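Colleague: Show me the folded form of this:
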Amino acid sequence: MRQIVLDTETTGLDWRNGDRVIEIGCVELLNRSLTGRHFHVYLNPGRGIDAEAVAVHGITEEFLADKPKFADVVTQFEDFVRDAELVIHNASFDVGFLDNELDLLGRDKLGRLCAGVIDTLKMAKEQNPGKKASLDALCDRYEIDNGHRELHGALLDAELLADVYLAMTRGQESLIMALDEDLPAHDVDGDGAPRERKPIKVLRISDAELQAHQSVLDDIAKANKGLCLWLAPEVPATA
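Modeller: All right, here's what the predicted structure looks like:
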């Protein structure tokens, strides 16, 4: 099970108004474990950046002046995310921007490129209705250290989101392991097919064994001044 935890930073809030992606950060999960592989790039958007956006992520036009355009890195990006399930916080935002970038180049959108998308914002709201669901709030809830997060950053936020997602879905890995486990060797035939279990023989206690057991309990009670935990107290008669 290959998943890519993804985040972006942009020039503004709406790609429909011409805003563009300026940073992409991705980390790879394989069978719910971080592999250490990541994809990270800053992009020259070819346009200005809203002051409100700079206040959030701190990325300036001057910093991006010598960075590649999306067209220069699109192949590497596609290769990294292809066929994986994406994990994104507020997925409609990032997917909208990335689909726009891909569409501008006449390339397949994420819906065809990837296996699906998990929106952790939606998941958090479903799990804890009425509670804050920002990335910072989830880090606090799941005790994930985000003290080094002074500004938004695509790679940093993707790394934090990976930890949040694993915490949010903790327990699923044990279910997956249980479903994937092979039957014990004594429960399969030589060809690997499940072996039919023999009926279990139930042994009933005999009257003699029951009397012997009661005698032992009586001796224990006698030795402990009538106290024996295994003897049920008598139920008083009701009027």
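Colleague: in the helix or strand containing Cys139, what's buried?
Modeller: Assignment of secondary structure by DSSP states H and E places Cys139 within helix 135-141. Neighbour-count burial for helix 135-141, counted by 16 or more other CB atoms under 10 Å, picks out Leu135, Leu138, Cys139, Arg141. Using the backbone N, CA and C atoms, a C-beta is placed for each residue, glycine as well.
Colleague: And stretch 32-46, by the same measure?
Modeller: Within stretch 32-46, the residues scored as buried using 16+ other CB under 10 Å are His38, Phe39, Val41, Tyr42, Leu43, Asn44, Pro45.
Colleague: repeat for stretch 91-103
Modeller: Taking 16+ other CB under 10 Å as the neighbour-count basis, stretch 91-103 is seen to contain the buried residues Ala91, Phe93, Asp94, Val95, Gly96, Phe97, Leu98, Asp99, Asn100, Glu101, Leu102.
Colleague: Among the residues you listed, which ones are in strands?
Modeller: Under the assignment DSSP state E, the buried residues of stretch 91-103 contribute nothing to strands.
Colleague: Filter these down to just the ones in helices.
Modeller: When those are checked against helices using DSSP state H, the ones located there are Ala91, Phe93, Asp94, Val95, Gly96, Phe97, Leu98, Asp99, Asn100, Glu101, Leu102.
Colleague: Tell me the one among those residues nearest to Asp207.
Modeller: For those, the minimum distance to Asp207 (CB to CB) is 69.9 Å, reached by Ala91.
Colleague: list the contacts for the closest one?
Modeller: Val117, Ile118, Asp119, Leu121, Lys122 (CB atoms under 8 Å, 6 or more residues apart in numbering).
Colleague: Doesn't the last one belong to a strand?
Modeller: No - residue state for Lys122 (DSSP: H, G, I helix; E, B strand; the rest coil) corresponds to helix; a strand is not indicated.
Colleague: Same list (the ones in helices among the buried residues of stretch 91-103) but as JSON lines, adding distance to Ala158.
Modeller: Below are these laid out as JSON lines (distance: CB to CB, whole Å):
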{"residue": "Ala91", "distance to Ala158": "13"}
{"residue": "Phe93", "distance to Ala158": "14"}
{"residue": "Asp94", "distance to Ala158": "10"}
{"residue": "Val95", "distance to Ala158": "14"}
{"residue": "Gly96", "distance to Ala158": "17"}
{"residue": "Phe97", "distance to Ala158": "15"}
{"residue": "Leu98", "distance to Ala158": "13"}
{"residue": "Asp99", "distance to Ala158": "18"}
{"residue": "Asn100", "distance to Ala158": "20"}
{"residue": "Glu101", "distance to Ala158": "17"}
{"residue": "Leu102", "distance to Ala158": "19"}
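Colleague: quick one on the thing from earlier: okay if I get the buried residues of stretch 91-103 as JSON lines plus pLDDT and distance to Val74?
Modeller: Putting those into JSON lines (pLDDT from 0 to 100; distance: CB to CB, whole Å) gives the following:
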{"residue": "Ala91", "pLDDT": "97", "distance to Val74": "20"}
{"residue": "Phe93", "pLDDT": "97", "distance to Val74": "20"}
{"residue": "Asp94", "pLDDT": "98", "distance to Val74": "16"}
{"residue": "Val95", "pLDDT": "98", "distance to Val74": "16"}
{"residue": "Gly96", "pLDDT": "98", "distance to Val74": "17"}
{"residue": "Phe97", "pLDDT": "98", "distance to Val74": "14"}
{"residue": "Leu98", "pLDDT": "98", "distance to Val74": "10"}
{"residue": "Asp99", "pLDDT": "98", "distance to Val74": "12"}
{"residue": "Asn100", "pLDDT": "98", "distance to Val74": "13"}
{"residue": "Glu101", "pLDDT": "98", "distance to Val74": "8"}
{"residue": "Leu102", "pLDDT": "98", "distance to Val74": "7"}
